[in-house]
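A.B. asks: Would you be able to build a 3D model of this:
(4 chains)
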Amino acid sequence: MYFDLDEDQRMLRDLVRRLLADECPPSVVRAAWPGGEVSLLEPVWRKLAGIGVPGLLVDETLGGTGLDETYMVALLEQTGHAGLPLPTVATVAVAAPLLAASPDRAELLADVLSGQTLIGCQLEASSTDGTVLVPHGQLVSAAIVITPRGLGLVSMAAARPVASMDGARRLAQVDLRAAVPLHVDDEALDLAVARATVGTAAELIGLSRRMLAITVEYVCQRTQFGVPVGGFQAIKHQLADALLAIEFAGPAVRRAGYSLATGDANAEREVSAAKALASEAATSVARTTIQCHGAIAYTTEYDHHLFAKRAWALAQEYGNAAAHRQRLAGLLGLRTDHPSRTIQKVAP
Amino acid sequence: MYFDLDEDQRMLRDLVRRLLADECPPSVVRAAWPGGEVSLLEPVWRKLAGIGVPGLLVDETLGGTGLDETYMVALLEQTGHAGLPLPTVATVAVAAPLLAASPDRAELLADVLSGQTLIGCQLEASSTDGTVLVPHGQLVSAAIVITPRGLGLVSMAAARPVASMDGARRLAQVDLRAAVPLHVDDEALDLAVARATVGTAAELIGLSRRMLAITVEYVCQRTQFGVPVGGFQAIKHQLADALLAIEFAGPAVRRAGYSLATGDANAEREVSAAKALASEAATSVARTTIQCHGAIAYTTEYDHHLFAKRAWALAQEYGNAAAHRQRLAGLLGLRTDHPSRTIQKVAP
Amino acid sequence: MDLNYSEREQTFRAEARVWLEANVPDPGGPSGDTREGFARHLEWERALHEARWAVVAWPERYGGRDATLWEWLIFEEEYYRAGAPPRITQNGIFLLAPTIFEFGTDEQQDRILPRMAAAQDIWCQGWSEPGAGSDLASLRSRAVRDEAAGGWRLTGHKTWTTRGAFCTHLFGLFRSDPDSERHRGLTYFMVALNSPGITVRGFNRLDGDEGFAEVFLDDVFVPDTDVLGGVGEGWRVAMSTTGSERGLSLRSPGRFLSSAERLVELARERLADTPAAVLDRVVGSWLDAQAYQLFTLQQATRMAAGVDTGAESSLNKIFWSELDVRLQQTALDILGPEAELDGPWSKGFLFSLSGPIYAGTNEIQRNIVAERVLGLPRK
Amino acid sequence: MDLNYSEREQTFRAEARVWLEANVPDPGGPSGDTREGFARHLEWERALHEARWAVVAWPERYGGRDATLWEWLIFEEEYYRAGAPPRITQNGIFLLAPTIFEFGTDEQQDRILPRMAAAQDIWCQGWSEPGAGSDLASLRSRAVRDEAAGGWRLTGHKTWTTRGAFCTHLFGLFRSDPDSERHRGLTYFMVALNSPGITVRGFNRLDGDEGFAEVFLDDVFVPDTDVLGGVGEGWRVAMSTTGSERGLSLRSPGRFLSSAERLVELARERLADTPAAVLDRVVGSWLDAQAYQLFTLQQATRMAAGVDTGAESSLNKIFWSELDVRLQQTALDILGPEAELDGPWSKGFLFSLSGPIYAGTNEIQRNIVAERVLGLPRK
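C.D. replies: Model prediction:
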């Protein structure tokens, strides 16, 4: 029994943390917003590719790094912490493994592994009008999407930008008819969705830690009534609760990664538990940390919003807390026979 | 538009408040607990009968006071505040009006109106084993109950005492087979249930105010770390929240009383809103006020528990907050088709 | 107890409803907190004024209808029910005007109020400073006496001024006695933003609209006629205004009843996709909006009877602001992945987060409730 | 990362499970916090001891099994899974014993620990006083030196002593330096409750059981050999114990996993009658129990690696105590009107309310988290 990052996982985490501290300060996150210098983002991803990030879950025989989901969680907590405005989850958890599972996509896979190409994805089968929204869709050349005919790969060249809360997510709307089939079996797709769900949860943990850190720093230096506002019990208790939410969600996300890595029979439960806890934690931490700032966090000039808006978006992606709790109700035999939206499989 | 107690209602409230302050201090509430001096309770009810309480909702032509549900709410907030350990809601809201609607029960009605007889009731049709539990059943001579054959009146002479959280509720289990039919129409029964629901909500508001008052007094005099504990922001904010819960539930309970008094078409909604808000308020106020005391409220030697335990019992009676919210979901067109336990009508 | 409106009130409601239904502009377009949106919203404000709906509670001579408190609440209900846009004039009408009615000279009332009602002058508030937010009494912007010119010279830095980049006038507190501390020695001034020495820099709210501004004042002359309520009396004068800000005036129940209705509709549309626990939160929001309405009706009854509800306005402020956040968050949880799209719900959510902060954070409000309503020690 | 138990650990679990299944007494009957229940529970404690399950983490020579932290956690899981009763010996085993292991002399260890393990001596704690609860350092019970007799004379008034009316011994802090203040000048004493000068008065907990006692000490002689950890060192010595109380030891995840399972079962039985929003809270409690288990496994991994988790134990204490209240409240909301009946759920609910209060209120714990983990100013 050893439930913590082991030495290799800590090494990866520390490497990524240092890289992102240097390469992805808030100014780079801002560069991804409309009107920003998008070109600043490319070198960041190149450097991450240099240490094997895109192919983290791809077999070494196929040019990947050959690691498992416990490493993925360690990685994505850091990209979340940095607010990295790139489709990291989509590329690492979904695109690279699915391309690796499609023998006819070797060229594209190579481009993805080298960091030359970023791939987006949209696996929530909620489209009714023949189009889907791809996060970071304005940055990627192609996206993996679910179409009425099955999984597909679609060029993003003709995609239309769509305004959204987190400008750095650069949503783009794409017509599903332009997609070409991507042949992978159901099991691979299920795994991709599970990985993306846990990966998103991991980014939420990182985002939450960042929001809390920003806030702790601020309340220690901001004074009102002649004392630092962090000395007021109301602030202390709100931030203690924020830490509690994070500390009790984090292990569940790691556990879910471990379950996927080991093929645990309860993985479905663990995945939903992870996303439910992480979504809840991030939502409450965002709320609390804005409140503890007072007005200052209520402007886009202050950095906090870069992380809060990402958190609000990711809290909803791949099933929000309520949807995963409803799914858990089913798994625990507490079915109410009320339908719910969670992630659906592609139609056969 | 005048949404507050009017002069007559205030008069009734003040009269009852003064009477109970004198006649029903915590020592009298304790008298209702097992081992207590139950005989202390009788004079309290006699005095309340002297000002027309049992027949509050009974027509003057039948010997009642002829008032409406707005007065009932004003009254029951006070009996709740005092923790009066008697079936006030059962007698005032249910038994007296139903007996008044049954011409063949004039004698019993007279005894009820004079305060000589107390009547219990059990209108939640949840019995599966042919018996029901009647609150204050050890104090009353008879109870109005729902039987498989319809509404009935049952003698409590052979009832069996049942241990419960609030010892002053003196639950007793009675066999439904001993009941004799009580003939009232469905409408009268529905009205009785609605009145009992709102009446219970009103008692919960009074109980909540009492718990808060006890706590405010304590935290102002208890010192730790050299200052009154009420000076700590954590205590202040918890008690501010307790007040908020009460102040925003109270008007809804009064509104529900008014809806019943005026035959408002939305009365069903207002009744459920009242009970949902009052149950929630009382539950959270009980929790918060115990916490703000520290250890002292965690013993039966201190008075607070007399009111908290009543609150926990009444929060569940006539539908708890969750059940009424579920019912509201139905009324608002948010049906999930999931069955819920709320109050059921007697089988036809 | 009587929850019926009088015939006069019902007529008033009917008149308001008919006019609003015919005149409320289409939703959409840039918000009033952007430069282009502000211009468009000015047209709406002027239309309101022409039809005498801009300031219903004011005397007729200033453009109002002498409406009672009940009529004002009715108008607000109808206004939000009709989906009419937020008032860009609100800081003048709801914060400054009550203070002018209470403390202003006749000359000030006659000069300032009609132009405010007509949206000719648009007022913004200058309370906060970079170092003085919740702790307003620590403000440092100063007013220096200019006896010769018959006025004062203001210097300092105000911030969090809502729509400050588009407004024409500012009201706020300045330290007129340099030796004073905290609440003493402050004076309430009204300043034209085109006065020499003023620089305004707009900045963005959380939703990306340029809803705030910093106002830099460098030796700005203000004549004695623009002092409100006496030199050195600023704190007392301003506190009457923050009462209005927190209490009934800015957040009438109509707004939340209308939001709750929209939330219920959204949930009905997406019933099959919405987890039951989220539906329960929809019910909770609807319940809370009802509770707020009923609390306010009770409070208004007492106010109409002359009772001073005082510190109770903190209860309103805490309740509506947190109800709003819960309600908007519930909408996002119904929308799921669509929640992040730029639209009325995401805007509404971001906007709601300011409620528990502005006009005195809810932490301060809870202190007020505990100390002034419950009587706990100030420590 | 490796979530598998070793073969040795699995064998340990199997052995514990078999023994517990065969030996756990039937539930029901009076609780261990009543006079008759206490006597009956003593038998259980002695059976545990005879089978060497009483103090698994202790050295064999004191009746233990030298179990590792993991084995201890396994035993706790199995203990609660089997529905075994709360330990009436727990304050000795989990609060006093760790302190004796750390600060006790060899003589004290040899004399006290075996009798504690065998439930021959049953220890209760004497921390709180009527004026010293959360503010433990304000305690006033005093110890006066009796040089001639080679010991101390204790006088004072302790309260909130769990099961004090039935225990044989008490440990606690007394002021041994009359001129000292706050945390200084305190000494940790161990006292036989049958010593001359002691009066014990039991009183009732919220659930009506006589779970508490006041202990009055009037010139009670205690020999030097019953001072633990040095005269004047009481605060430091005691703090190591409150760490155990808050942290892993008293509230192992097994207890909450087992409670959550029972709650899920209750909800399954009453599925048709339970509003969906309550079912969602059942899921929430189950989730929280899982989260607590995983947090604890991570913490134990760090402790096993020699990391000092220190103030983090406050996180445990806040989380498990509030999870317990939510879980029990959810059960009541499933039971509806039946919730008020005297039974395991109503008892469990009342009991849970003490969690956020004892061993340092959660308000104090949140201060500790904010100041010592997050580094906020102490003010």
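A.B. asks: can we go C-alpha only for contacts and neighbour counts from here?
C.D. replies: Will do.
A.B. asks: List the residues that contact residue C:192.
C.D. replies: By Cα atoms under 8 Å, 6 or more residues apart in numbering or on different chains, the contact list for residue C:192 reads C:168-170.
A.B. asks: which residues sit in contact with the residue nearest to residue C:167 when sequence neighbours are not counted?
C.D. replies: With Cα to Cα, 6 or more residues apart in numbering or on different chains as the criterion, residue C:167 has its nearest non-adjacent residue at 5.0 Å, and that residue is residue C:122. Residue C:122 sits next to C:88-89, C:92, C:116, C:167-169 when contact means Cα under 8 Å, 6+ apart.
A.B. asks: Can you give me the distance of residue C:122 to chain D?
C.D. replies: 42 Å (Cα to the nearest Cα, to the nearest Å).
A.B. asks: how about the helices of chain A, start to end?
C.D. replies: A:7-23, A:26-31, A:41-50, A:69-82, A:88-89, A:96-100, A:106-114, A:186-221, A:233-262, A:267-293, A:304-316, A:321-331 (DSSP state H).
A.B. asks: Turn those helices into a markdown table, columns for distance to chain B and mean pLDDT.
C.D. replies: Formatted as a markdown table, the helices of chain A follow (distance: least, Cα to the nearest Cα, whole Å; pLDDT from 0 to 100):
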| stretch | distance to chain B | mean pLDDT |
| --- | --- | --- |
| helix A:7-23 | 36 | 98 |
| helix A:26-31 | 34 | 98 |
| helix A:41-50 | 45 | 97 |
| helix A:69-82 | 30 | 98 |
| helix A:88-89 | 34 | 98 |
| helix A:96-100 | 38 | 97 |
| helix A:106-114 | 45 | 96 |
| helix A:186-221 | 17 | 97 |
| helix A:233-262 | 6 | 98 |
| helix A:267-293 | 15 | 98 |
| helix A:304-316 | 22 | 98 |
| helix A:321-331 | 13 | 97 |
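A.B. asks: Would you mind telling me which of those helices is nearest residue B:193?
C.D. replies: helix A:321-331 (32.8 Å; Cα to Cα).
A.B. asks: contacting residues around the closest one?
C.D. replies: Under Cα under 8 Å, 6+ apart, the answer for helix A:321-331 is A:269, A:272-273, A:275-280, A:315, A:335-336, A:340-342, C:274-278, C:333, D:279-280, D:283-284.
A.B. asks: if we go to 7 Å?
C.D. replies: Defining contact as Cα atoms under 7 Å, 6 or more residues apart in numbering or on different chains, one finds that helix A:321-331 is touched by A:269, A:272, A:275-277, A:279-280, A:335, A:340-342, C:275, C:277-278, D:280, D:283.
A.B. asks: cool, stretch C:336-344 as well?
C.D. replies: With Cα under 7 Å, 6+ apart, stretch C:336-344 has contacts from A:163-165, A:313, A:316-317, A:320, C:332, C:346.
A.B. asks: Which single one of these is nearest to residue B:46?
C.D. replies: Checking those one by one against residue B:46 (Cα to Cα), the nearest turns out to be residue C:332, at 56.2 Å.
A.B. asks: Would you check that residue C:325 makes contact with residue C:352?
C.D. replies: Yes: Residue C:325 lies in contact with residue C:352 (Cα atoms under 7 Å); the separation is 5.3 Å.
A.B. asks: Name the residues of the stretch 101-250 of chain C found near chain A, please.
C.D. replies: C:135, C:204-206, C:208 (Cα under 7 Å from any Cα of the partner chain).
A.B. asks: now the residues you listed as CSV including distance to residue A:93 and neighbour count?
C.D. replies: Shown next, in CSV, are those (distance: Cα to Cα, whole Å; neighbours: other Cα atoms under 10 Å in any protein chain shown):
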residue, distance to residue A:93, neighbour count
C:135, 48, 17
C:204, 35, 18
C:205, 34, 25
C:206, 31, 25
C:208, 32, 18
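A.B. asks: Let's have these in TSV, adding distance to chain B, pLDDT and secondary structure.
C.D. replies: Converted to TSV, those look like this (distance: Cα to the nearest Cα, whole Å; pLDDT from 0 to 100; DSSP: H, G, I helix; E, B strand; the rest coil):
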residue	distance to chain B	pLDDT	secondary structure
C:135	16	90	coil
C:204	32	95	coil
C:205	28	93	strand
C:206	27	94	coil
C:208	32	91	coil
